[in-house]
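Participant: could you work out the structure for the sequence below:
(chains A and B)
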Amino acid sequence: MIAIDIATVFAFIIAFAVFVYVVMDGFDLGLGILFPLFPAKADRDVIMNSVAPVWDGNETWLVLGGGGLMAAFPLAYAVLMPALYTPMIAMLIGLIFRGVAFEFRWRTTQRTRNRWDVAFAGGSWLATLAQGIALGAILQGIHVEGRHYAGGWWDWLTPFSILTGLALVVGYALLGATWLVLKTEGELRDKAYGLSWSLLFAMLGSIGAVSIATPFLHIQYAQRWFTWPNIILTAPVPVAVAGVTILLLRSLARKQDNQPFFLTLALFALSYAGLGISMYPFIVPQSITIWQAASPANSQIFMLFGVAVLIPLILGYTAWAYWVFRGKVRAGSGYH
Amino acid sequence: MFEGWDAVALARAQFAFTMSFHIVFPAFTIGLASYLAVLEALWLWSGREVFINLFNYWLKIFAVVFGMGVVSGIVMSYQFGTNWSAFSDKAGPVIGPLMAYEVLTAFFLEAGFLGVMLFGLDRVGHRLHFFATLMVAIGTLISAFWILSANSWMQTPAGYALNADGQFVAADWLKVIFNPSFPFRLVHMVLAAYLTTALVVGAVGAFHLLRNQNLAGPRVMFSMAMWMATLVAPIQILAGDQHGLNTLEHQPVKIMAMEGHFESHKDGAPLILFGLPSESAGKVEYAVEIPKLGSLILKHSLDAPLAGLDTVPRKDWPPVPITFWSFRIMVGMGFLMLGLGLFSLLMRLRGTLYEQRLLHMFAVAMGPAGFIAVLAGWITTETGRQPFTVYGLLRTAESASPLAAPAVGSSLLAFVIVYFAVFATGVIYILRLMAQPPHQGEQGPSHDAPARAAGITPAAGAVATEGAGR
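Facilitator: Alright, predicted model coming up:
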């Protein structure tokens, strides 16, 4: 049984913040990943316009993930960040390039605009690869002694972390493609449909590869998934993945513009739940549990007041901002 | 590369470098967001076109600056963990929640309403758009509240206890948040942000007035900016003085370094204006000083005794020359701002505010003064609290991550290259936007993509009729 204590509550809150980040920034990073496939300036303008009003807010969830981890689980933050040093720095640099490209590419001439388009695509690739590699590095385990990271600064680099890095690129690209299906029309949308098909199969392959590789990392992962009675809880996950996949294939075949993006998000949610099942109750797998890493109760309680009131409010006005810019983005009449 | 270097020194250099770049952007956006809210309010209230033109003009600049502030800020929120993990583990339970509240109450508010503020005027109507602008402006101020509270707690820790794991924990959150130096630092920094923005706005206005005195937009922005300098510069000097007295009470060693007081003075300390502080000699060489004035300023009494660095163990000294000089640069900038404010007031009273070319040239030269003062001020306060991260309690050397020097050095090098490439370009784009005067029918970021793609906006129509009747 899962004991509901405040550390568990905060584990879910941080997990939620990270998931909202993946949901929201995933598709706009995905657009950057797909950018090289859309060389026409008009297409690129539409693609940028479809996220320009919301990307700031999307990335704020990443700040909440980092700041929240430091606040609620300072020991985990203090161990994970040095362990993931290089991927974290790479992610930050990638995010700088893609973030400024939103504004910079409008402030310049045709020739230098291409430079910022390269920065947007390259930054998106770098940030996504780094996030996926960081995920793999966490899953494969981190060398901890006392209250410190005790490994080297290349420990994160393994075949498994490369696999998770590439898997995340594929996943974000699919989110980006289905976002374009949702937000664009005409040839751009048709091209996005084509990409969605191939990326969906690539994503299913990636989910399969990571799912098969993970139990081999640690015996605990295998026991978590394949022993009785856990299997009652774990078995529905692959079943649900299969169900969502069928719906997604159907919506792509029927060209129901409004569905593929949200069904892809459901695939992400299921994969994320799978990760949670593998990791819980560890926050640094196999070495630090959420209770060992937790801030003192009065720090967490102090934050809980804010979280309980403010997160719903934030979700409310974020939803409003998306609502203001709802509908298809058209070339020329965009908001940039 | 970087073998044999000191990893802690590299981590400090990295923090100083990334922080110095970052602070420039919020120092500008805090003031500019409020200025935009004022411009939009004036437009809604008066209906005068010049205000919406100015609003759209500064909004485009705001968008570029804000974007750079966001991406350089994400770096800061992760750097505590990457380079200062021991600090994060020990101080995280106190500092972390303050920063989490900054994200929850400020960052989301700014980012959530920014899209509507930048692109939504035609979509949501005037009142709702003004509300969005107001939320962004309020968000920047809330952000300043929390981050300055966190910084101030590190300078003057209060309301804490230590737990069995050696972590700081909050004993009283109100005492943590409203720690002794926080109110002074908050007032000083928010006023600094307003002054910084006013000086930039004033410089842009003056730049265009030097070319054409009849432009409505530059006249309005120059006048508004000079009112700000006239009124706020003296208040800021008073606030800075109060902040200094607060520092004397809680961080006397920092004041000793700022003043260059190596020796104790039993009956009245001098005010050292200039000189070369030498830590090895333990004195300020070639000092130009005014007897007794130091005690008068700090203790409000000519003969009050003041202790010097000779009463402090050498291992607890901050780097004196940096603290001494950066403090003088900040104060110098402050008095130049006061001078600009008074000069403009005089010309305003004479009715030659828009014609006095010397004033305009002075204002253009003072454009970057706010940024210089903000950076010098932060260098003073952050260098002056060394060698501690949590003042008197946690040493900087004990705060760093267990990383080898090559790791920290390589990331520092990467940040230096990327920041100079990216942010220097951003500054060039901003200067290009500023080089154009605001004109009639100025469009916000939501419309001018085609105009921008077509190149330079024609200057015809730049001469606004309104307000130019002189």
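
Participant: now do B:T197 against chain A, distance only.
Facilitator: Noted for B:T197: a distance of 19 Å to chain A, by C-beta to the nearest C-beta, to the nearest Å. Yep, even glycine has a C-beta here, placed from its N, CA and C like the rest.

Participant: now the strands for the stretch 1-150 of chain A?
Facilitator: For the stretch 1-150 of chain A, the strands defined by DSSP state E, counting those that start in this stretch cover A:144-145, A:148-149.

Participant: who does the last one touch, helix- and strand-wise?
Facilitator: The reference is to strand A:148-149. helix A:74-83, helix B:85-102 (3 or more C-beta pairs under 8 Å, 6 or more residues apart in numbering or on different chains; DSSP states H and E).

Participant: which strands or helices does the shortest one pack on?
Facilitator: For helix A:74-83, the contact count by 3+ C-beta pairs under 8 Å, 6+ apart identifies helix A:55-72, strand A:148-149, strand A:282-284, strand A:288-289, helix A:290-293, helix B:49-82, helix B:85-102 as packing neighbours.

Participant: most tightly surrounded among the strands of the stretch 1-150 of chain A?
Facilitator: Ranked by average neighbour count under the criterion mean count of other C-beta atoms under 10 Å in any protein chain shown, these are headed by strand A:148-149 at a mean of 22.

Participant: partner strands of that strand and their direction?
Facilitator: Its sheet considered, strand A:148-149 pairs with strand A:144-145 (antiparallel) by DSSP bridges.

Participant: report the mean per-residue pLDDT for the strand it pairs with.
Facilitator: Across strand A:144-145, pLDDT averages out at 86.

Participant: how about stretch A:87-102?
Facilitator: When pLDDT is averaged along stretch A:87-102, the result is 90.

Participant: return that stretch as CSV; C-alpha atoms alone will do.
Facilitator: Provided in CSV are the C-alpha atoms of stretch A:87-102 (Å, rounded to 0.1, in the frame of the first residue of the first chain):
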residue,chain,number,x,y,z
PRO,A,87,23.5,16.9,-20.2
MET,A,88,22.1,19.7,-18.0
ILE,A,89,24.5,22.3,-19.3
ALA,A,90,23.8,21.1,-22.9
MET,A,91,20.1,21.4,-22.3
LEU,A,92,20.4,24.9,-20.9
ILE,A,93,22.5,26.0,-23.9
GLY,A,94,20.1,24.4,-26.3
LEU,A,95,17.2,26.2,-24.7
ILE,A,96,19.0,29.5,-24.9
PHE,A,97,19.5,29.2,-28.7
ARG,A,98,15.9,28.1,-29.4
GLY,A,99,14.4,30.5,-26.9
VAL,A,100,16.0,33.7,-28.4
ALA,A,101,15.3,32.5,-31.9
PHE,A,102,11.5,33.2,-31.4
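
Participant: that stretch and chain B in contact?
Facilitator: Yes - for stretch A:87-102 and chain B, the contact criterion (C-beta under 8 Å from any C-beta of the partner chain) is met by A:88-89, A:92-93, A:95-97, A:99-100, A:102.

Participant: try stretch A:23-37
Facilitator: No - Stretch A:23-37 does not reach chain B (C-beta under 8 Å from any C-beta); its nearest approach is 10.7 Å.

Participant: now do that stretch: distance to the chain's middle.
Facilitator: Averaging C-alpha positions (C-alpha atoms, centre = their mean, to the nearest Å) puts stretch A:23-37 11 Å from its chain's average.

Participant: average model confidence for that stretch?
Facilitator: 92.

Participant: what lies in contact with it?
Facilitator: A:44, A:47-48, A:50-51, A:54-55, A:57-59, A:61-62, A:98, A:117, A:120-121, A:123-125, A:127-128, A:169, A:171-180, A:191, A:195, A:261, A:265, A:268 (C-beta atoms under 8 Å, 6 or more residues apart in numbering or on different chains).

Participant: which residues touch the residue nearest to A:L248 when sequence neighbours are not counted?
Facilitator: Spatially, and ignoring its direct neighbours in sequence, A:L248 is nearest to A:L263 (4.2 Å; C-beta to C-beta, 6 or more residues apart in numbering or on different chains). Contact analysis of A:L263 by C-beta under 8 Å, 6+ apart lists A:178, A:244, A:247-248, A:251.

Participant: what about these, which are in helices?
Facilitator: Among these, DSSP state H puts A:178, A:244, A:247-248, A:251 in helices.

Participant: list, one by one, the residues from the stretch 151-300 of chain A near chain B.
Facilitator: Within reach of chain B by C-beta under 8 Å from any C-beta, the stretch 151-300 of chain A has these residues: A:152-153, A:295-296, A:298-299.

Participant: which residues touch residue 75?
Facilitator: This is for chain A. Applying C-beta under 8 Å, 6+ apart to A:L75 gives the contacts A:147, A:288, A:292-293, B:89, B:92.

Participant: chain B, not that one
Facilitator: For B:V75, the contacting residues are A:92, A:96, B:18, B:22, B:415, by C-beta under 8 Å, 6+ apart.

Participant: in terms of pLDDT, where does the residue nearest to B:I255 when sequence neighbours are not counted sit?
Facilitator: Nearest non-adjacent residue to B:I255, counting by C-beta to C-beta, 6+ apart: B:L248, 4.8 Å away. Note for B:L248: predicted pLDDT of 88.

Participant: which strand or helix spans B:L248?
Facilitator: B:L248 belongs to helix B:216-250 when assigned by DSSP states H and E.

Participant: so residue 202 is in which element?
Facilitator: Looking at chain A here, since you left the chain open. helix A:186-217.

Participant: my question was about chain B
Facilitator: Using DSSP H and E, B:G202 sits within helix B:182-211.

Participant: gap between that helix and the chain center?
Facilitator: Per C-alpha atoms, centre = their mean, the centroid offset for helix B:182-211 relative to its chain is 10 Å.

Participant: next: stretch A:177-188.
Facilitator: 20 Å.

Participant: in that stretch, what counts as buried?
Facilitator: Across stretch A:177-188, burial judged by 16 or more other C-beta atoms under 10 Å in any protein chain shown covers A:177-184, A:188.

Participant: and for stretch B:351-367?
Facilitator: Those would be B:353-354, B:356, B:359-360, B:362-364, B:366-367, for stretch B:351-367 by 16+ other C-beta under 10 Å.

Participant: over to stretch B:192-208?
Facilitator: Those buried within stretch B:192-208 under the rule 16+ other C-beta under 10 Å are B:192-208.

Participant: same deal with stretch B:8-20?
Facilitator: Going by neighbour count (16+ other C-beta under 10 Å), the buried part of stretch B:8-20 is B:8, B:10-15, B:18-19.

Participant: now the strands for chain B?
Facilitator: Assigned by DSSP state E, chain B shows strands spanning B:160-162, B:168-170, B:271-278, B:283-290, B:388-390, B:394-395.
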